[in-house]
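Trainee: pasting a predicted model and its sequence here:
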Amino acid sequence: MLTRLDKLIAGSGRFSRSEAREAVRAGRVTVGGAVITRPEEKVDGGADVCVDGERLRTDALRYFMLNKPAGVLTAARDARQPTVLDLVPEELRGLSLQPVGRLDKDTTGLLLLTNDGAFAHRVMSPKSGIVKTYLARTEPDVDAGDVREFERGMELADGTRCLPAGLEGLGGGLCLVYVHEGKYHQVKRMLAARGKPVLELKRLAIGGLELDGELGSGKMRELLTDEIELIFAHSHRL
């Protein structure tokens, strides 16, 4: 598919449309190694486009993992509090990224960001059966009775019905929780219903995709193709 060069460059999220036009006219842009100076030039969407010698990602749909810190809302915008989109680097803000699902304000860990709405819906839908793995710290420790109730599926005090989930005690107040739903405060409410209030909660994995241990709190990076596939890998935890 042929696209205007300035539009293709702006689609990388690193330049506005006007900045893209200026870069092209200044001779700073090459396509397949050849300098192009006309912003309206039509080029293939998969072309090798470089600005100042640096190759751009020009594919329209993008996927990132964020190591969400505590104290940040999972929302597109908020007038009073910082949101996860405030953590997106300036050069990527033109991509119109949105969070996939939600993590509570004080919950940390793996959060996906994308501009692919169909992908986001597939990840969030319980019908996809994608297991989300959390590390929780509770007081007191979970026990065998809690494990059985999670496996059976729980009905909360307000009538909310939770599908069967996995629970694995680690000792020392820690446990792993495996769910494939995303109901409001679900993990916290399920554990609280068993008399095990959550003191800390961190999401470790979505499907087969684990949070990058090298990714600092509040930092994000782009997913590799095989990592995107891992999200939809089957899990046998539940």
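Mentor: Happy to help now that I have it.
Trainee: burial measure for Pro197, as a count.
Mentor: When counting by other Cβ atoms under 10 Å, one arrives at 13 neighbours for Pro197. For every residue, glycine as well, the C-beta is placed using N, CA and C.
Trainee: test my guess that it contacts Thr138.
Mentor: Yes - between Pro197 and Thr138 there is a contact at 6.4 Å, judged by Cβ atoms under 8 Å.
Trainee: mutual contacts of these two, please.
Mentor: Contact criterion Cβ atoms under 8 Å, 6 or more residues apart in numbering; residues shared by Pro197 and Thr138: Leu191.
Trainee: which residues does the residue nearest to Phe232 when sequence neighbours are not counted contact?
Mentor: Among residues not flanking Phe232 along the chain, Gly207 sits closest, at 5.7 Å (Cβ to Cβ, 6 or more residues apart in numbering). By Cβ under 8 Å, 6+ apart, the contact list for Gly207 reads Ile130, Val131, Leu230, Ile231, Phe232, Ala233, Ser235.
Trainee: from Leu56, how far off is the fifth one?
Mentor: As for Phe232, its distance to Leu56 is 28 Å (criterion: Cβ to Cβ, to the nearest Å).
Trainee: so Ala47 sits against Asp59, correct?
Mentor: No - counting by Cβ under 8 Å, Ala47 sits too far from Asp59 to count as a contact (11.1 Å).
Trainee: these two: who's more crowded?
Mentor: Higher neighbour count among Ala47 and Asp59: Ala47, with 17 against 11, using other Cβ under 10 Å.
Trainee: need the contacts of Gly207 in CSV with secondary structure and pLDDT, can you?
Mentor: Formatted as CSV, the contacts of Gly207 follow (DSSP: H, G, I helix; E, B strand; the rest coil; pLDDT from 0 to 100):
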residue, secondary structure, pLDDT
Ile130, coil, 93
Val131, coil, 94
Leu230, helix, 94
Ile231, helix, 95
Phe232, coil, 90
Ala233, coil, 82
Ser235, coil, 55
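Trainee: most neighbours, which of those?
Mentor: Each of the contacts of Gly207 was scored for neighbours by other Cβ under 10 Å, and Ile130 scores highest at 23 neighbours.
Trainee: wait, isn't it in contact with His121?
Mentor: No - Ile130 is beyond contact range of His121, at 11.6 Å (criterion: Cβ under 8 Å).
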